[in-house]
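Visitor: sequence first, predicted model second:
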Amino acid sequence: MNLVPADPALGIVVPALNAAAGLPAALQSLREGAGIFDLDILVVDGGSTDDTVAVAEANGARVLASELGRGTQLAAGATAVSGDWLLFVHADTVLAPGWAGELARFVADGHDRAAYFRFQLDDEAPGARRIERLVDWRCRMLGLPYGDQGLALSRKLYTAFGGYQDIPLMEDVRLVRQLRRHRIVGLETAAVTSARRYREGGYWRRPMRNLFCLLLYFLGLPPRAFRAFYG
């Protein structure tokens, strides 16, 4: 195994839209990496009307204004952030303690692979545990981690496989399908994500709707055709 170079450069991209409430916790969790990586944390704002920009700056992140759309924001962030390694994290996701050390070990020997974190919801409801088990199965059997689990990979690998595309959704699915299962590694550290969408949309209805959208995408429908249904 190769030794990790001192302070490898890691660019972290956080797409955001009206994320002021959850963004501080997300950014604070990322600061753990400062002891291991040469960090550049970039929040890519899609036109927030709340205090997202001020909150990002107050928590030590740079801010880039972008057109709205997660794929668009992720692509813009990847271009603007510095670092030979890239980590993409959602604004409502908090990486659990220990993530930086585990990622550093992956970086030491992971130049031809991408890594994602273990999915966890910030809710004690039985439905949340059911969703976590479903996500674990999807990742192990189908090799399909979603963006709310984070994605880390070298810039070289990101570029070689086309990066994130300017599409309204499924940008995460498209990229990991391009990478294919043998290039994707699951890490043990949890990415703790807000359960708000599940609480609002239902712990049964929301996953079924997501699955239906995934099926439509696999059948070749462009994401814009079912964006309104996704919600």
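Guide: Cool, got the structure. Numbers count the residues shown, from 1 in each chain.
Visitor: would you mark the buried spots in the longest helix along the chain?
Guide: Ranked by residue count and defined by DSSP state H, the top helix of the chain is helix 205-218. The neighbour-count check on helix 205-218 (16 or more other Cβ atoms under 10 Å) flags 206-207, 209-210, 213-214, 216-217 as buried. Bear in mind the C-beta positions are built from the backbone N, C-alpha and C, glycine included.
Visitor: same check on stretch 131-147?
Guide: When burial is assessed from 16+ other Cβ under 10 Å, stretch 131-147 yields the following buried residues: 131-132, 135, 138-139, 143-147.
Visitor: what's the farthest-apart pair in those?
Guide: For the buried residues of stretch 131-147, with distances taken as Cβ to Cβ, the pair at the greatest spread is Ile131 and Gly143 (18.4 Å).
Visitor: assign Leu187 to helix, strand or coil.
Guide: Using DSSP: H, G, I helix; E, B strand; the rest coil, the three-state assignment for Leu187 comes out as strand.
Visitor: what about it, neighbour count?
Guide: Using other Cβ atoms under 10 Å, Leu187 has 20 neighbouring residues.
Visitor: narrow the buried residues of stretch 131-147 to those in strands?
Guide: Among these, no member falls in strands (criterion: DSSP state E).
Visitor: for the following helix or strand past the longest helix of the chain, which outside residues touch it?
Guide: The helix or strand immediately downstream of helix 205-218 is helix 227-230, counting by DSSP states H and E. Outside of helix 227-230, the residues that reach it under the criterion Cβ atoms under 8 Å, 6 or more residues apart in numbering are 168-169, 209-210, 212-213.
Visitor: can you redo these as TSV with distance to Ala190?
Guide: Rendered in TSV, the data for the contacts of helix 227-230 read as follows (distance: Cβ to Cβ, whole Å):
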residue	distance to Ala190
Pro168	28
Leu169	24
Arg209	24
Asn210	20
Phe212	27
Cys213	25
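Visitor: ok, the residues you listed vs Pro24, which is closest?
Guide: Proximity of the contacts of helix 227-230 to Pro24 (Cβ to Cβ) peaks at Leu169, which lies at 25.8 Å.
Visitor: which non-adjacent residue is nearest the closest one?
Guide: Distances taken as Cβ to Cβ, 6 or more residues apart in numbering place Pro223 nearest to Leu169, at 4.9 Å, with adjacent residues excluded.
Visitor: so Leu87: helix, strand or coil?
Guide: Reducing the assignment to helix, strand or coil with three-state DSSP, the entry for Leu87 is strand.
Visitor: that one is in contact with Ala152, isn't it?
Guide: Yes. Leu87 sits in contact with Ala152 when judged by Cβ atoms under 8 Å, with a separation of 4.5 Å.
Visitor: mind giving me the packing neighbours of the helix or strand hosting Ala25?
Guide: Assigning secondary structure by DSSP H and E places Ala25 in helix 23-30. Using 3 or more Cβ pairs under 8 Å, 6 or more residues apart in numbering; DSSP states H and E, the elements in contact with helix 23-30 are strand 9-16, strand 38-45, helix 52-58, strand 93-95.
Visitor: buried stuff in it?
Guide: Buried residues in helix 23-30, counting neighbours by 16+ other Cβ under 10 Å, are found at 23, 25-27, 29-30.
Visitor: okay, angle between that helix and strand 38-45 too, please.
Guide: On the basis of axes from the mean of the first three to the mean of the last three Cα atoms, to 10 degrees, helix 23-30 is oriented at 160 degrees to strand 38-45.
Visitor: pLDDT on helix 23-30, on average?
Guide: Here the mean pLDDT over helix 23-30 is 98, rounded to a whole number.
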